[in-house]
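model this:
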Amino acid sequence: MSEETSERAVVLIHHRAAQRYAHRLFAFSSSVFAEGWIQQARDDFNEDLFNFCFHAYRLCDLLGIKDGQLDISQGGTLHFKHEPSLVWETDFRRCLNTVRHCNTIQTGNARAPDGRKLFNQDENLMAAFVEVATDKHPQKRCIPIFALSYSYLQHVRPMVANFLNQQKKTEPVGSP
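Just a heads-up that it's a prediction; the model follows:
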């Protein structure tokens, strides 16, 4: 197996996993939940977020995506009211790294911004962001999950496709 082929295989493994988790995070962060249900789904959501960040961060390393290269606020953003004192992280790679190294995490909910009232008995909420702190950065920072997953699907996925196409062109004849 050539070096390019093995690198291509590693990129594919991380991309497939990151894409799967990005789809789940995108769906979760754009769905309305009854207040009682969102608490139950939080563990699955956090696990998906950690898995996504692990695989997407590794892809950043493999593809050469650096801090400051991709601003997640430039694309799909879920608008909602929030405390003005919250500190927001908008750099894609730093968001991933912050979650990977966090020692505290809390899901931030928002009311459905377009007034959707699907559940009459409960508050209608969306899991809009996570607040995280790390040893290095003890002040909590907020990461918008909709924008993070959208940025992967809209911007990183085409970078992966371009990388894979370039790798395919450089493989020697007879390679798998």
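
sec struct for the closest residue in space to Leu86 that isn't next to it in sequence, please.
Leaving aside its chain neighbours, Leu86 sits nearest to Cys142 (4.9 Å; criterion: C-beta to C-beta, 6 or more residues apart in numbering). Every C-beta, even on glycine, is put in place using the N, C-alpha and C of the backbone. Classification of Cys142 using DSSP: H, G, I helix; E, B strand; the rest coil returns strand.

now Gln139
Classified using three-state DSSP, Gln139 is coil.

tally of neighbours for it?
By the measure other C-beta atoms under 10 Å, the count of residues near Gln139 is 7.

quick one: contacts of stretch 110-129?
For stretch 110-129, contacts defined as C-beta atoms under 8 Å, 6 or more residues apart in numbering pick out 28-38, 41-42, 45, 78-82, 107-109, 142-146.

what's the next secondary structure element after the helix-or-strand element of the chain with minimal mean pLDDT?
The helix or strand of the chain with the poorest confidence is strand 33-34; it has a mean of 82 (mean pLDDT, DSSP states H and E). As assigned by DSSP states H and E, the chain's next helix or strand after strand 33-34 is helix 35-63.

roughly how far out does that next one sit from the chain middle?
Relative to the chain's own centre, helix 35-63 is displaced by 7 Å; criterion: C-alpha atoms, centre = their mean, to the nearest Å.

could I get the next helix or strand after that helix in CSV with only the CA atoms?
Toward the C-terminal end, the helix or strand that comes next after helix 35-63 (DSSP H and E) is helix 92-100. In CSV, the C-alpha atoms belonging to helix 92-100 read as follows (Å, rounded to 0.1, in the frame of the first residue of the first chain):
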residue,chain,number,x,y,z
PHE,A,92,-13.9,26.1,13.6
ARG,A,93,-10.7,24.4,14.7
ARG,A,94,-10.6,26.1,18.1
CYS,A,95,-14.2,25.0,18.7
LEU,A,96,-13.2,21.4,18.1
ASN,A,97,-10.2,21.7,20.2
THR,A,98,-12.0,23.4,23.1
VAL,A,99,-14.6,20.6,23.2
ARG,A,100,-11.9,17.9,23.0
